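Colleague: Fold the stuff below for me.
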Amino acid sequence: MTHDLAGRLARWLLIALAVDLLLTRVLVRLAIFVPKGEPWASVGAILGRIGAATDALVLIFAVLLLLALLIRSGHAGGWAERALLVGVGVLAAGGVVLLFSAPPPTVALGLDLLVVVIAMATGLRLARQSGIPALARGGLVVLAAAVAIAGLSHAFDAWGAIAGLSDVWKAPSTLILGVVGQLTFVVGAGLTGLAGVICLRRSPQGASRPIALGSLVAAAMLAAAVFAPATFGALAIWGVGLSGAVAAVFVAFSAGLSVAGLPALHRIAPRAAVGSAIVLLSGYGLAASGLVLAGMLGLFIAAQPSSQRH
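Modeller: Predicted structure coming up:
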């Protein structure tokens, strides 16, 4: 994925998302729990400004990647690919509008349903992508389903506002969709990571370091969940949109598999690895427009034929 503009932009988007997760969605949020006096107040203010800049970078790189993909599809893509990218472009335009004003519920419903349609269509493309190992392909299809469920959950909220449904009717459906969607997201992350770990075990040379790193990440998350459950829960919601519907042990195990396995998967199917990492770092159901756009583009990057080297 190093020989064309779209591939380079996908990597820059991935880096921007990683920085955004670490700074904006973790460290800046952690600043809430530290004392408000100096020097902590100044440090929190600096982190806040850096986080705001990172938010903007995510959106900028996502838009640039979308433009690069649109230009490339205009030369070599089929009608289905172009239609999906145009749909993603509509989402991008809607996200920019959201930065300045809240849309009417009907517009929000339309955008949310568009997320569902694009995620499902991209999931079908992924299911037919023979250049990706079967287990990783299954994990990506599950991730696409999680994105679709998140969009459906937001669409249900918008429809409830339009129809004037009371919380008595909305709450059970929203809860069910939230549980199913978060579980699907965690399972998809675990499957794609496991596919890479299996690749590591088939080639044991150099496998110990990524497995050790993944184990360390999983252990650190479990320790945080045990010794600081309230803080861990808040960061899970703010960071990746997981509100506790899935037990922390499964979230930690899935995160460890992803950290250990995605670099190995990159050697075999680089587009699938980069695309799935973008989706995972974008989080589940987070409403920020840049993250929604990034998640859509991550699915699209993963669904590109492996024979077309970046």
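
Colleague: Please count neighbours and contacts with C-alpha atoms only from this point.
Modeller: OK.

Colleague: list the helices and strands the helix or strand harbouring Ile176 packs on?
Modeller: Applying DSSP states H and E as the criterion places Ile176 in helix 167-202. Applying 3 or more C-alpha pairs under 8 Å, 6 or more residues apart in numbering; DSSP states H and E, we find helix 167-202 packed against helix 134-163, helix 248-268, helix 270-282.

Colleague: what angle separates it from helix 270-282?
Modeller: Put simply, helix 167-202 runs at 140 degrees to helix 270-282, going by axes from the mean of the first three to the mean of the last three C-alpha atoms, to 10 degrees.

Colleague: what distance separates the helix or strand following helix 167-202 from the middle of the whole chain?
Modeller: Counting by DSSP H and E, the element after helix 167-202 in chain order, helix or strand, is helix 208-227. Between the mean C-alpha location of helix 208-227 and the chain-wide mean there is a distance of 20 Å, by C-alpha atoms, centre = their mean, to the nearest Å.

Colleague: Also stretch 231-241?
Modeller: Stretch 231-241 sits 14 Å away from the centroid of its parent chain (C-alpha atoms, centre = their mean).

Colleague: Would you mind extracting the C-alpha trace of it into CSV?
Modeller: Listed in CSV are the C-alpha atoms of stretch 231-241, where the atom choice follows Å, rounded to 0.1, in the frame of the first residue of the first chain:
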residue,chain,number,x,y,z
THR,A,231,-12.5,5.2,34.8
PHE,A,232,-12.1,2.2,32.5
GLY,A,233,-15.8,2.2,31.7
ALA,A,234,-15.8,6.0,31.0
LEU,A,235,-12.7,5.7,28.7
ALA,A,236,-14.2,2.7,26.9
ILE,A,237,-17.3,4.8,26.1
TRP,A,238,-15.4,7.9,25.1
GLY,A,239,-12.6,6.1,23.3
VAL,A,240,-14.2,3.4,21.2
GLY,A,241,-18.0,3.6,22.0
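
Colleague: Pull out the buried residues from that stretch.
Modeller: The neighbour-count check on stretch 231-241 (16 or more other C-alpha atoms under 10 Å) flags Phe232, Gly233, Ala234, Leu235, Ala236, Ile237, Trp238, Gly239, Val240, Gly241 as buried.

Colleague: Having no further points to raise, I will conclude here.
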